[in-house]
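K.L.:
what's the 3D shape of this:
(2 chains)
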Amino acid sequence: MNATHTGTSAGSEAEGAGHATARDGAGGGARRIALVGNPNTGKTTLFNRISGLRHKTGNFPGTTLEAKVARVQAGVEGGRDADLIDLPGIYSLELEQEESRICREVLAGTAAPRGEILGSPDAVVIVTDATNLARNLMLVGEVLRRRLPTVVVVNMIDLASADGIEIDAAALGEALGCGVVTTSARVGRGVDELRVAIRQARIPAPAMPVPSDPEGLKHWAEEMFVRGVRATPGSQERAFEETRSDRVDRVLLHPVLGTLIFALVMTGLFYTIFSLAHFPMGWIEWFFERGAKLAEGVLPEGAVRDLVSHGVIGGVGATVVFLPQICLLFFLISVLEDTGYLARGAFLMDRLLRPFGLPGHAFVPLLSSHACALPGIMATRAIPDPKERLATILVAPFMTCSARLPVYVLLTTLLFKDRPAMAAVAFIGCYVLGITAGVLSALLARRTILKGKARPMAMELPCYKWPSLRTASLTTFDRGLVFLKKAGTNILVICIALWWLGAYPKVAPPAEAIALHQQVVDEIHGWTKDGPTPEVMLKRVEELQAKADHLEASHAKAHSFMGMIGRTVQPVFAPLNFDWQLTVGVMASFAAREVFVSTMAVVVAGEEDAEQDGVIDQIASAKRADGSLVFSPAASWGALVFFVLAMQCLPTLAVTARESGNLKWALLQLGWMSMVAYIAAFVVVRIMS
Amino acid sequence: MATLAANLEPTTTATATVTTSGRATTDRRDRSDSRPGPDGTVRLARLAPGQVGVIAFADLDAQDGALLRAMGVSEKATVKVCRVGEPCVVAVGGVRPDACRCGGTCRIGLSRRLAERIWIRLPA
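P.N.:
From the prediction side, this is the model:
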């Protein structure tokens, strides 16, 4: 740590004197280098250039802000390894935003990414945009006032040259009193020079003292700009010339045409996530099913075999199966963001969502949640305002996700047998109900627990450019790894717990099943050549065996811990016209909604695969103890509405807890959605009864 | 941003003094009011694409004002209107004539609500 720095979180200037340089080679652990800069300066691209895939992603404690830390090896020129910390992009250290506060505190040494020790950075690297340098120099001035060893990076130097702007790095360095390096992070130019400059970073001594007032700072920044920039002849006259991006914006920001194009792009994104991910998800499921069968074949029968094949392998499979959607979503978002289009999209959607207290940035997460809420919630990191982000996280699970679709198919089939048009209308109604509940819940949250003024949007619109597939790939890899490490471990534990609840305690088979097994044995032993043909005999034996297996499975499920929970909780769901069998299905699906159909198939028909012939008919005709249908019209309607609105996905809860930074938000989400679902289902059942 | 009091004519309805520490009091003129402001200034939202002017002042709360200043949309900065409506897109230049290019190709998108509260002085 730089011994001369004594900054505080209020951002005051450090006291110190002299030109201490960043230490190198002299004992101690790795140096700490903070990377700061305005948004859209290529800071993260530069970070990825330096760190590659060798970084870890975490949070700043008590915040939802992400922190990336990369260990950078000392180069051939010697020195110590360095921990490079990529701080959030900010326009100023003095703003009342969480990002600015965190940057202030990290520079002051009073905050650090989770797992890192506190302490001021040994050096600060400020990344600026060469095509927008004067504005960026304002942040440079604020950082220079902190008197930490500093290097200024002037990035996107190739774009500036094309624009007729020539940066005199030496002159700028002399004016700022610190090292200045020009780079083009997209192509990797200047990165080696930057490493050397970081090693030689010194406490800055700018030619002009940096004012603390905003107006003075702006004048200072422009003075530095004039000293360090040589404009080519004619560039002043070309100031404010219409650019290619301006021409494209005339179409893409058009209120009608632009919205249509945005709707098309989003449809394409949604369709891609929904359909393309289907193939790798199928491969993953196949792979883990084979793995489970292999385990069953290798391990001796018993609790360990069940735990490994159904609990662990099944649990890992249930986690990894989310990866294709997550990776695809973040790849496509990264590509769209890199082109500059997503910023425009946020403005187009802002008008639509603002009346409900949500920002335009919330559109992509909410749309993605229609495929799966997990990646949708992770995508809320793009929302700048923390309250708006939290509101979006809380309501994202209201969007009808793909896991609900098998439930909708089952229930609408039961309700509208042979009336596909009505079933389709009900299907669409489910989507509309989910969206309506989501936006109204967001409005309520923004008026109560997340009260705050809906801030009008002000956002930099970067130039349109071809996206970097390298950046998109690195982002995708990073997001996927974060998911597996953080949410994945929680999901695995949940799946193992679920399996255990559904598989234990082991009970003896029912008398009817034992009798059927005995009948099979008797028929085999009693067969003679004068009896039925071998083919007929085999078919009969298989039918009897299947019936016995179904009875055993159904009995085991009903008497498992999950079944006991269902019977115990059934009185709570009695007002919704749910009997104990339907309650078992609902309770099981609180962990993951997609298990509802298979659970009902097992409980009612003893067959896990609902697509087997006759299973749907068995479910449709299943009777309660009093002889009435399990899936009466009222109960079916109630179940449909319940599944549209209820929070039935523990993996999503795990991600909510992580992304919101506090378990209480996940519990609130569970409580609120359960209450809304229960009340809505109750009302519907009363109307339909 | 500049205080408005020094620029207001006595007959105009009151607008706010914007400080960096507190919220502005409400601009009681209707948002759709197209009357010129003090000293012939015009709301940014009323300009046409292509028009260039200098920001005279802004009637914003402290948080919005601080963010816009940090983004370069500050008093005396030169702006060119690239698009009007929702959003209003501006190219922002510097305060000094020789720093006019410093905004480069940067474009700032502002909601109409913000653009209505930024006043521009057009060249004579």
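
K.L.:
What's the mean pLDDT across the strand or helix carrying A:F477?
P.N.:
In the assignment (DSSP states H and E), A:F477 maps to helix A:469-482. For helix A:469-482, mean pLDDT is 84.

K.L.:
Tell me how many other residues surround A:L481.
P.N.:
Close neighbours of A:L481, defined as other C-beta atoms under 10 Å in any protein chain shown, add up to 15. C-beta coordinates here come from the backbone N, C-alpha and C atoms, glycine included.

K.L.:
State the three-state secondary structure for the closest residue to it other than its chain neighbours.
P.N.:
Of all residues not flanking A:L481 in the chain, A:T57 sits nearest, at 7.5 Å (C-beta to C-beta, 6 or more residues apart in numbering or on different chains). Secondary structure for A:T57, judged by DSSP: H, G, I helix; E, B strand; the rest coil, is strand.

K.L.:
Tell me, how many residues neighbour A:T57?
P.N.:
A:T57 has 17 nearby residues by other C-beta under 10 Å.

K.L.:
Show the pLDDT at it.
P.N.:
So A:T57 comes in at 74 (pLDDT).

K.L.:
pretty sure it is touching A:D478, no?
P.N.:
Yes. Counting by C-beta atoms under 8 Å, A:T57 touches A:D478, with 5.9 Å between them.

K.L.:
of all the residues in the stretch 51-200 of chain A, which ones are close to chain B?
P.N.:
Neighbours of chain B within the stretch 51-200 of chain A, by C-beta under 8 Å from any C-beta of the partner chain: A:91-92, A:94-97, A:129, A:131-135, A:138-139, A:160, A:163, A:165.

K.L.:
What is the neighbour count of the residue in the stretch 551-689 of chain A that chain B sits nearest to?
P.N.:
With C-beta to the nearest C-beta, the shortest gap between the stretch 551-689 of chain A and chain B falls at A:G661, namely 22.2 Å. As a burial measure, A:G661 scores 17 neighbours (other C-beta under 10 Å).

K.L.:
one step back: please name the bridge partners of the residue nearest to A:L481.
P.N.:
Note on A:T57: beta-bridge partners by DSSP bridges are A:K68.

K.L.:
And the strands in chain B, which stretches?
P.N.:
Along chain B, the segments classed as strands by DSSP state E run B:42-43, B:52-58, B:78-83, B:88-92, B:107-110, B:118-121.

K.L.:
quick one: which of those is nearest A:E222?
P.N.:
Minimum separation from A:E222 across the strands of chain B (C-beta to C-beta) falls at strand B:78-83, 11.3 Å.

K.L.:
I'd like to know which elements the closest one is packed against.
P.N.:
Packing partners of strand B:78-83 (3 or more C-beta pairs under 8 Å, 6 or more residues apart in numbering or on different chains; DSSP states H and E): helix A:244-252, strand B:52-58, strand B:88-92.

K.L.:
now do 7 Å
P.N.:
The contact analysis (3 or more C-beta pairs under 7 Å, 6 or more residues apart in numbering or on different chains; DSSP states H and E) places strand B:78-83 against strand B:52-58, strand B:88-92.

K.L.:
So which of these is nearest A:V152?
P.N.:
Going by C-beta to C-beta, the one of those nearest A:V152 is strand B:88-92, 21.1 Å.

K.L.:
Alright, that wraps it up for me.
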